[in-house]
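Peer 1: structure of the sequence below:
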Amino acid sequence: MPLHTVEEAAELMKVSPDTVREWVRSGRLRASKLAGSKTLRISTDDIMAFYDANETRAKEEKAHAWKEDIMRLIVS
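Peer 2: Alright, predicted model coming up:
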């Protein structure tokens with residue numbers, strides 16, 4: 001699965017990069033650091049797992065939109 005920067009993940013998830021960083025800090029979203037660096041990478045699988053764990057009716061439309069974006073990435 002592809003790895004995404006915080007900014008790419010934020011765009012896919014339709015939130016700010018700061019929100020993605022907070023989710024990573026809080027442990028809600030898994031991320032990996034590149035060897036010898038502080039740079040974070042987030043896998044498509046981890047984004048999908050986050051989506052599945054956090055889907056609610058109030059966020060359903062927004063979540064569905066970014067899940068479709070992610071699925072398009074997987075297929076392409």
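
Peer 1: what's the separation between the residue nearest the centre of the chain and Gly36?
Peer 2: Averaging the C-alpha coordinates of the chain gives a centre point, and the residue nearest to it by C-alpha atoms, centre = their mean is Ile47 (3.7 Å). Ile47 is 24 Å from Gly36, where distance means C-beta to C-beta, to the nearest Å. Where C-beta positions appear, they are placed from N, C-alpha and C, glycine not excepted.

Peer 1: what does Pro2 give?
Peer 2: On the measure of C-beta to C-beta, Pro2 and Gly36 end up 21 Å apart.

Peer 1: who's more crowded, those two?
Peer 2: In this view Pro2 and Gly36 are compared by other C-beta atoms under 10 Å, and Pro2 has more residues nearby, 13 against 6.

Peer 1: any idea how far the nearest residue to the more buried one once chain neighbours are set aside is from Val15?
Peer 2: Sequence neighbours aside, Thr44 is the residue nearest to Pro2 in space, at 5.4 Å (criterion: C-beta to C-beta, 6 or more residues apart in numbering). Distance of Thr44 to Val15, computed by C-beta to C-beta: 16 Å.

Peer 1: which other residues reach the longest helix along the chain?
Peer 2: Ranked by number of residues, the top helix in the chain under DSSP state H is helix 60-75. Counting contacts by C-beta atoms under 8 Å, 6 or more residues apart in numbering, the residues outside helix 60-75 that touch it are 1-2, 12-14, 44, 47-48, 51, 54-55.

Peer 1: go on, stretch 17-33?
Peer 2: The set of residues that contact stretch 17-33 without belonging to it, under C-beta under 8 Å, 6+ apart, is 3, 6-7, 9-10, 13, 39-43, 46-47, 49-50, 53-54.

Peer 1: any quick PyMOL command for the buried ones out of those residues?
Peer 2: Buried members of the contacts of stretch 17-33 can be picked out in PyMOL with the line below, counting by 16 or more other C-beta atoms under 10 Å:
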select buried, resi 3+6+9+10+13+40+41+42+43+46+47+50
